[in-house]
Each structure stands twice: as structure tokens, then as C-alpha cells.
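Engineer: here's a sequence, model it:
(chains A and B, ligands or ions: 1)
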Amino acid sequence: MNLPIYLDYQATTPVDPRVLEAMMPFFTNAFGNAASRNHSFGWSAEGAVQQAREDIASLIGASPKEIVFTSGSTEGINLAIKGVAEMYASKGKHIITSQAEHKAVLDTCKHLEKLGHPVTYLVPDSTGRISVEAVAEAMREDTVLVTVMWANNEVGTLNPIREIGALCHEKGVLFFTDGTQACGKVPVDVEADNVDLMCLSAHKIYGPKGVGCLYVRRRKPRVRLVAQIDGGGHERGMRSGTLNVPGIVGLGKACAICRDELDESMQRLGSLRDHLEARITSELDFVHLNGNKEHRLPGNSNLSFPYVEGESLLMGISDIAVSSGSACTSASLEPSHVLRSMQVGDDLAHSSIRFGIGRFTTKEEVDYAADKVIEAVRRLRAMSPLYEMAQEGIDLASVNWQAEH
Amino acid sequence: MAYSDKVLDHYSNPRNVGSLDKGSKDVGTGVVGAPECGDVMKLQIQVEGDRIVDAKFKTFGCGSAIASSSLATEWIKGKTLDEAEKIKNTEIVEELSLPPVKIHCSVLAEDAIKAAISDFKNKKASA
Ligand SMILES: Cc1ncc(COP(=O)(O)O)c(C=O)c1O
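Structural biologist: Residues are numbered from 1 along each chain as shown, chains lettered A, B, ... in the order given. From the prediction side, this is the model:
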């Protein structure tokens, strides 16, 4: 076992060696431009891109013609939301989203708000889930787009995508979902799940950074977008720019592997995650799960360790790479907007850790991480005035704290 | 975030962790900060005459907050109340090489010393 141990698979993933191998020729010998129609260099690049479209489409139940390559999910999100808002502005301007979305969605919506598009930010339940009823209630005459993520990157909560999609189709409203954390990790089928637009990103699924794609439905309904990057008219005019052939090949290969190994990986990651949680909760009291036990990504575990502050806990487990729900980097530290939207108290948010388990995680690593976390939490609680107060039976919420921030 | 060696040392081997009997008339207790802000420090002093003969702390907070309070207890032990009251947060910043974003941890430690001393003095006055 090598240290440090990487347990931050929701942030990014290493490139799978099989993916890298598939990409290699397209940096050197097969370096052609996929748009070059006059020679074999171009044809072989175009062929590889076509294969990638097919592999991606087959992972998500789409047709290859519905895939638009991007530089990743941030771009896919911008293109989908701004592209729809601009294209359909005469039909209506209202957008529905949720407070638990990734910043790329929230900031894109904020941008559109400034341009006069009203946006409803739904509040998720305490597990981070958006209900179809909440979406239905927020629908207005002028609603043109609903954007609700498939799987949350912090707490792993899965939204009822199929139901929300069905509602949107019934109302004639377009449905975009940020599939960055879901694709390749849980079953995704844009047909059965009633999705009109969806982004995904290679670096979250053992592909390279800086490449992803946007699925854009072509039938029932045919979705049209205003391009956000103008130029040579690549990708059916929706996204200009010479295609990143090696990256696209990597994305395609990554999707093919995820598709072939989906069932096995869901099983394996789910049981490693359960093992981690069982070990931690059997040895520590007051551990709080952030997220939804039932509807959750298999490789995600977001836990709060009350009475222990997150950054000091990260210091105590410094040979384990995880991420914390808050960063104490200023006097008024900001807990994660996702945990806040779930009404997780700021004190719990400050003590939260996201464990992300992935393809290369071993049981030995999970056990090592569990040991370290248990040891660090015990040590920090022994020096925590809050733990002491809790054990004396003092209700921390009733204390009149002396602090200005 | 990279921590200074001194912060790491206090974090790994905190000095004077623990509690004193807060009911005792010789003990002053200061609790500053708030859980929502991510730091709470409890600092206690035991006083004989006007001299601090023992000090203990418990801190909920980042490594720099733990180090600041650990250092504070080290410094005030053996000092008179007047001397301890003069400790400035900037001295803690300097000793621990705290970066600007962590200065509030040192402020909290200074506040905790002052709060403990004031609690002790109040007890004395009302006794
Ligand atoms: C849910 C979600 N959406 C969007 C993104 C942004 O993806 P990218 O890094 O490909 O721009 C991420 C990753 O950071 C994510 O987790």
C-alpha cells in the first residue's frame, strides 16, 4: 500500500492505463485534424472521434449524433443553460434549478438572472434531494428549462431524474441534468430517464482532464441551442473549435470501460463504502451522515464528526486525501453551499469530510483510512471543549457564544 | 495549506490540554468563539496571589487555533495576571508564523487569555 491514499474520486480520477493506451497514438502518428476531409490523417482522426461518439452514446442510451464535444462539464453546463435560455427567450425566460447544484450551474443561472431571466432555486430536502413535487410547484407559464443535477458531487445524493424528466416532457419544458458525477457510476439512460440535455466530463470517470461532452436530444423534442463559442462551425454549429482528438478518444474509451464494468463497480464501491462507514460508526459516537442512505452514489460517503473541526481533522489524517465541507481560510469561513442548502448546521458542516472511493481503491486502503479517522477524531475530541460540554449534557445551541463572526 | 513546523508541533503535541475545576474560586475560565464560526477556545488559569500557576485549554478549531491556544497556555504559566494580560496576538502570529488568513486564531487566543483573567477577577470581586 502506498501513501498518501487517494480518497477524493469525486474531485477527479487518475487516467485508467487502458484509456491512456488508447489515447497515445493520437498525440503522435495519428495526429490529424478530424475536420480534414482530404487525406488519411483526417480520416483516421474522424474515425476515432466517431468511435468515441458511439461509446459515449452507448453508455448513456443516446444516439452518436446527439453528442457535442466540450472541454468538460463546466463548458457543457454553460452551453446547455445559456444556449437554451438564448434560443427560447421568446417562448419564456423562467428557469428552475436547485440550491445544491454545482457552482458552474449556479453561477450560470446568476449570470442569466442579471440578463433578465427569472430563476427559481429550489431548496432540497435534508438529504440533498429535490422532489418532483417541488419542481411541479415551481413551474410557471414562462418556464423554459429545468436544470437539476443527477448526482450531487459533495453528498452523492441521486435525484429522481426520471420523474422530473417525465414532468418536464408533460409540460413541454426542456430538462437539463448535470450528469458529471452520475455517468459511468450509476445507470443512465437518456431515453428512459426523459433527459433532454446532459453534460459529462472525462476526468471524473478515469479519462483525461479538459474534455467532456454535452448530450443534446434530437428527437421528441428536438433541442436547439445558441452556440456560446463561435468559429468554424464544428459539432453541428453548436461548439466551434478543432476537436481535441486524443482527449475525445480518452473520453470514449473511459465510457466504454465504465459501461462494461458498471454493475461490478457499483457492487464493489458500494461495499467498500459500507465497510468504511461501518468501521467508523462502530467505533465513534455521534457520526452524522450527510446525504441520502438510499439514493446515493456507490463511491461516496460524506460524514460529519461533531465537536471536531474539519481542517484540524484533515491535518490529523494528512496521508489521506479527502475533501472537507468547509475551509477555514478566513475569519468568516464559509461552509459548503450544498450542506447549507440541506439545512445542515454550520457547526456540522465545519466537521464534514467527503470520502470518495473509486476504481483503484483497495480494502486495505479503506481500513487504513478508517483507522486514521477514528484515531484522529478521538484525539481531537479529547481536546474539544464542545465534546466536553456535550458530555456534561449542555445543549450547545442554547449557549450564548461570544463571537463576532 | 502549508503549516509551519511550530504549528505542526503544537498540533501533534499540544501543551496543557485539559480542564481545571471551573467551580474553584482560584480558577478563571474563558470561552471564546462559536461553533458556527469553526473555532471555540476554552482557556483556564489557576491563580495563586496574582500569579498564574497552571493553565489548561481545550480547543475546537483548525490546527492554527489549536496551536495558538496551546502556545498561549505555555506563555502565561508562571506569569502574573498583569503580565499575561499584556500578551498580544501579534506575538503569537510571529512565534507560530501564522499566515494572514489565520490571524483570527491568534486574536481568539488573546481574547481567551483576557476572558479567563476577567472571569477570575470577577469571581474575586464577588467573593
Ligand atoms: C457535479 C459537477 N458538475 C460540474 C463539474 C465541473 O466539471 P469540469 O471539471 O469538467 O468542468 C464538476 C466537477 O468539478 C462536478 O462535480
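
Engineer: would you mind listing the outside residues contacting the helix or strand harbouring B:Gly33?
Structural biologist: If you go by DSSP states H and E, B:Gly33 is part of strand B:27-34. Contact with strand B:27-34 is made by A:385, A:401-403, A:405, B:20-22, B:39-47, B:60-61, B:65, B:108, B:111-121, B:123, as judged by C-beta atoms under 8 Å, 6 or more residues apart in numbering or on different chains. (Glycine included, C-beta is placed from N, CA and C.)

Engineer: now do 6 Å
Structural biologist: A:401-403, B:20-22, B:39-46, B:108, B:111-112, B:115-117, B:119-120 (C-beta atoms under 6 Å, 6 or more residues apart in numbering or on different chains).

Engineer: what ranges does chain B have for its helices?
Structural biologist: B:5-12, B:63-76, B:81-85, B:89-96, B:103-126 (DSSP state H).

Engineer: so the strand holding B:Gly33 versus helix B:103-126, what angle?
Structural biologist: Between the axes of strand B:27-34 and helix B:103-126, defined by axes from the mean of the first three to the mean of the last three C-alpha atoms, to 10 degrees, the angle is 140 degrees.

Engineer: residues of strand B:27-34 that come out buried?
Structural biologist: B:Val27, B:Gly28, B:Thr29, B:Gly30, B:Val31, B:Val32, B:Gly33, B:Ala34 (16 or more other C-beta atoms under 10 Å in any protein chain shown).

Engineer: just to revisit the earlier point, and the helices of chain B as CSV, adding distance to A:Asn302, mean pLDDT and mean neighbour count?
Structural biologist: Listed next are those as CSV, based on distance: least, C-beta to C-beta, whole Å; pLDDT from 0 to 100; neighbours: other C-beta atoms under 10 Å in any protein chain shown:
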stretch, distance to A:Asn302, mean pLDDT, mean neighbour count
helix B:5-12, 24, 96, 17
helix B:63-76, 22, 97, 27
helix B:81-85, 42, 97, 16
helix B:89-96, 31, 97, 18
helix B:103-126, 26, 95, 20
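
Engineer: rebuild those as a markdown table, extending it with distance to the ligand.
Structural biologist: Output for these, formatted as a markdown table (distance: least, C-beta to the nearest ligand atom, whole Å):
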| stretch | distance to the ligand |
| --- | --- |
| helix B:5-12 | 30 |
| helix B:63-76 | 26 |
| helix B:81-85 | 48 |
| helix B:89-96 | 34 |
| helix B:103-126 | 29 |
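
Engineer: can you put those helices in CSV and add distance to A:Trp43?
Structural biologist: Formatted as CSV, the helices of chain B follow (distance: least, C-beta to C-beta, whole Å):
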stretch, distance to A:Trp43
helix B:5-12, 58
helix B:63-76, 58
helix B:81-85, 80
helix B:89-96, 63
helix B:103-126, 62
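
Engineer: what about stretch A:182-197, how long is it end to end?
Structural biologist: Criterion C-alpha to C-alpha, to the nearest Å; first-to-last residue distance in stretch A:182-197 is 14 Å.

Engineer: now swap in stretch A:389-402 and tell me
Structural biologist: 16 Å.

Engineer: one more: stretch A:293-310?
Structural biologist: 22 Å.

Engineer: contacting residues around A:Ala62?
Structural biologist: Applying C-beta under 6 Å, 6+ apart, the residues contacting A:Ala62 are A:Val190, A:Tyr215.

Engineer: what's the pLDDT at B:Glu36?
Structural biologist: Per-residue pLDDT puts B:Glu36 at 82.

Engineer: how much space separates it from the ligand?
Structural biologist: 26 Å (C-beta to the nearest ligand atom, to the nearest Å).

Engineer: run a quick neighbour tally on that residue.
Structural biologist: Neighbourhood size, B:Glu36 [other C-beta atoms under 10 Å in any protein chain shown]: 18.

Engineer: try A:Glu137
Structural biologist: Neighbours around A:Glu137, by other C-beta under 10 Å: 11.

Engineer: that one looks like it's in a helix, true?
Structural biologist: Yes: counting by DSSP: H, G, I helix; E, B strand; the rest coil, A:Glu137 is located in a helix.

Engineer: need the residues of the stretch 1-150 of chain A near the ligand, please.
Structural biologist: A:Gly72, A:Ser73, A:Thr74, A:His102, A:Ala104, A:Met149 (C-beta under 6 Å from any ligand atom).

Engineer: how about the helices in the stretch 201-350 of chain A?
Structural biologist: Under the criterion DSSP state H, counting those that start in this stretch, the stretch 201-350 of chain A contains helices at A:245-283, A:310-316, A:337-341, A:346-350.

Engineer: quick check: which of those is buried the most?
Structural biologist: Neighbour counts averaged per stretch over those are highest for helix A:346-350, at a mean of 24; criterion: mean count of other C-beta atoms under 10 Å in any protein chain shown.

Engineer: packing partners of that helix?
Structural biologist: Contact here means 3 or more C-beta pairs under 6 Å, 6 or more residues apart in numbering or on different chains; DSSP states H and E; on that basis helix A:346-350 packs against no helix or strand.

Engineer: what average pLDDT does it get?
Structural biologist: Here the average pLDDT along helix A:346-350 is 85.

Engineer: ok, stretch A:218-232 next?
Structural biologist: 96.

Engineer: any idea how many residues pack against the residue in chain A that the ligand sits nearest to?
Structural biologist: For chain A, the residue closest to the ligand is A:Gly72, as judged by C-beta to the nearest ligand atom, at 2.8 Å. Look at A:Gly72: counted by other C-beta under 10 Å, it has 23 neighbours.

Engineer: mind pulling the model confidence for it?
Structural biologist: Residue-level pLDDT assigned to A:Gly72 equals 98.

Engineer: spit out the contact partners of it.
Structural biologist: Contacts of A:Gly72 by C-beta under 6 Å, 6+ apart are A:Ser201, A:Gly210, A:Gly212.

Engineer: of the residues you listed, which is the most crowded?
Structural biologist: A:Gly212 (30 neighbours).

Engineer: pretty sure that residue contacts A:Ser73?
Structural biologist: Yes: counting by C-beta atoms under 6 Å, A:Gly212 does reach A:Ser73; the two are 5.2 Å apart.

Engineer: overlap in contacts, those two.
Structural biologist: A:Ser201.

Engineer: if I pick B:Glu110, what's in contact with it?
Structural biologist: So B:Glu110 contacts B:Asn89 (C-beta under 6 Å, 6+ apart).

Engineer: near chain A, which residues of chain B? Just list them.
Structural biologist: B:11, B:17, B:32-38, B:40, B:42, B:58, B:60-63, B:101, B:104 (C-beta under 6 Å from any C-beta of the partner chain).

Engineer: ok, which of the contacts of A:Gly72 also contact the ligand?
Structural biologist: Restricting those to those near the ligand - C-beta under 6 Å from any ligand atom - leaves A:Ser201, A:Gly212.

Engineer: I'd like the contacts of A:Gly72 written out as TSV, with pLDDT added.
Structural biologist: Output for the contacts of A:Gly72, formatted as TSV (pLDDT from 0 to 100):
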residue	pLDDT
A:Ser201	98
A:Gly210	98
A:Gly212	98
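
Engineer: from the residues of the stretch 1-150 of chain A next to the ligand, pick the one nearest chain B.
Structural biologist: When those are compared for distance to chain B (C-beta to the nearest C-beta), A:His102 wins out at 23.5 Å.

Engineer: count the residues that sit near A:Ser318.
Structural biologist: 14.
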